[in-house]
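> Quick one, fold the following:
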Amino acid sequence: MGEDTTHAAFLDLGSAVGNQVWDFTNLEEQKPDGIFLEDPSTAPLSSMYPDADFVGNDLEEDSIHLFFKQTSTYLDIVGIVEYDSIGNPVPGELDGKWRFMQFPATMGTTFESDLFTQVQSNYWGVDLDSIGPHPFVDSLRAKISFSFYNEIDAWGEVQLPQGSYNCIRQKTVAKIRSSGDCFFNGEWRPYTPLMLTFLDSVNYDTATDGSYKWWSDNASADLFVAQIDFDSLGNPDSNISYLLAVPTWPVGVNESAANSMEVFPNPTSDYLTVKTTLDGTWDATLYDVNAKTVLQQKEQTTSASIDLSELPAGTYLLQITDANGGIVKLEKVQITH
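A predicted model of the protein is given here:
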């Protein structure tokens, strides 16, 4: 995938109708984008999500792992793991599951997705006329809820610099809703101007944003084609991720060799240790999120320690190749300082 950070805001995203043409041929790659699909056992806190079939680990963003459950009829996010300020993995705010996609997905398909099913409440504890029930308000309460809604709202042709694809468009809307009520005359009631002259009724969306994702059944597109975020008014974000070329598996990856190689600790603040039973020598190359080589260690054997202390905090890609140049391991590495 590639990401265009300058042209996306000027794109015409069209309407929620069929038979459209989305002309994205002017996109240019400003930086790489992508996601690793990994075995759940490789991700932190994986034991919390035993139903997950794979994990989505973003190439650039270093703060989240998405645990997916896949069947022939749906794709759900069943777990989220984030990192705190010092790099420790922590469970994300996910109660239940988020239906990411269902199959077959055709024009008009809708499916609700509650990422945060619980309501978070804050009690202000305001008692305007002293302790005990009185004719006025005894307490105020604010409630915040989070929800997601998905819909296949359009279909047509997506035109990219590298080719055109027939696609359906998935619209995902995230809402943060605030509501408030007050304890008045022995029960919780909505605010009204008659009760409190300085407060109106409160039940409104405090933040709304979403994204469009274009999916194709063209085998050369491998389903995902493009994604762009939009604000509450429907205006596109300045960034768009899009398909650069036909995706392929890394050539020469030796799964058995990869499985015999350990990389730890990860995240790390200084040194990364690589241990392996691989016969012969191997080379380690570290890339930043712009695919630039930032470190190399050649002709290592059995185990090696890689000094990362001089590199800026962030996310990197570690590639290990054998003596013949074949890739034996690819791993995302997080550096924290």
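
> quick one, phi psi at residue 47?
The phi and psi values for residue 47, taken as degrees, to the nearest 10, are phi -60, psi -20.

> so who does it touch?
Counting by C-beta atoms under 8 Å, 6 or more residues apart in numbering, residue 47 touches no other residue. The way it works is simple: take the backbone N, C-alpha and C, and place the C-beta from them, glycine included.

> Distance-wise, check it relative to residue 89.
Distance check for residue 47 against residue 89: by C-beta to C-beta, to the nearest Å, it reads 12 Å.

> go on, residue 65?
With the distance defined as C-beta to C-beta, residue 65 ends up 8 Å from residue 89.

> Looking at those two, which has the bigger crowd around it?
residue 65 (26 against 16; other C-beta atoms under 10 Å).

> hmm, who's touching the helix or strand hosting that one?
Applying DSSP states H and E as the criterion places residue 65 in strand 64-70. Applying C-beta under 8 Å, 6+ apart, the contact partners of strand 64-70 are 40, 43-44, 46, 49, 51-58, 75-83, 89, 92, 97, 100.

> Go again with 10 Å.
By C-beta atoms under 10 Å, 6 or more residues apart in numbering, the surrounding residues in contact with strand 64-70 are 35-38, 40, 42-46, 48-58, 75-83, 89, 92, 94, 97-98, 100-101, 103, 332.

> Let's see which of those residues end up in helices.
Counting by DSSP state H, the contacts of strand 64-70 place none of their members in helices.

> Need the buried ones from those residues selected in PyMOL.
To isolate the buried ones among these in PyMOL, judged by 16 or more other C-beta atoms under 10 Å, type:
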select buried, resi 35+36+38+40+43+44+45+46+49+52+54+55+56+57+58+75+76+77+78+79+80+81+83+89+92+94+97+98+100+101+332
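
> Among the contacts of strand 64-70, which ones are in strands?
Among those, the members found in strands (DSSP state E) are 35-38, 54-58, 75-83, 89, 98, 100-101, 332.

> and residue 9, which of the three is it?
helix (DSSP: H, G, I helix; E, B strand; the rest coil).

> Let me know the pLDDT of it.
Residue 9 is assigned 87 on the pLDDT scale.

> which residues sit in contact with it?
Applying C-beta under 10 Å, 6+ apart, the residues near residue 9 are 228, 235-240.

> From these, pick the one nearest residue 314.
Lowest distance from residue 314 to the contacts of residue 9 (C-beta to C-beta) belongs to residue 239, with 18.0 Å.

> if I look at the closest one, how far off is residue 5?
5 Å.

> residues shared between the contacts of those two?
With C-beta under 10 Å, 6+ apart as the test, residue 239 and residue 5 both reach 30-31.

> the more surrounded of those two?
residue 239 (18 against 14).

> hang on, that one in a helix?
No. Under the criterion used here (three-state DSSP), residue 239 is strand, not part of a helix.

> What's the local residue count around residue 26?
Neighbours of residue 26 (other C-beta under 10 Å): 11.

> try residue 67
Neighbours of residue 67 (other C-beta under 10 Å): 26.

> Quick one, grab the pLDDT at it.
92.

> Any regions of the stretch 51-200 of the chain where pLDDT drops low?
Residues of the stretch 51-200 of the chain that meet the criterion pLDDT under 70 lie in 59-63, 94-96, 112-138, 140-146, 177-179, 191-200.
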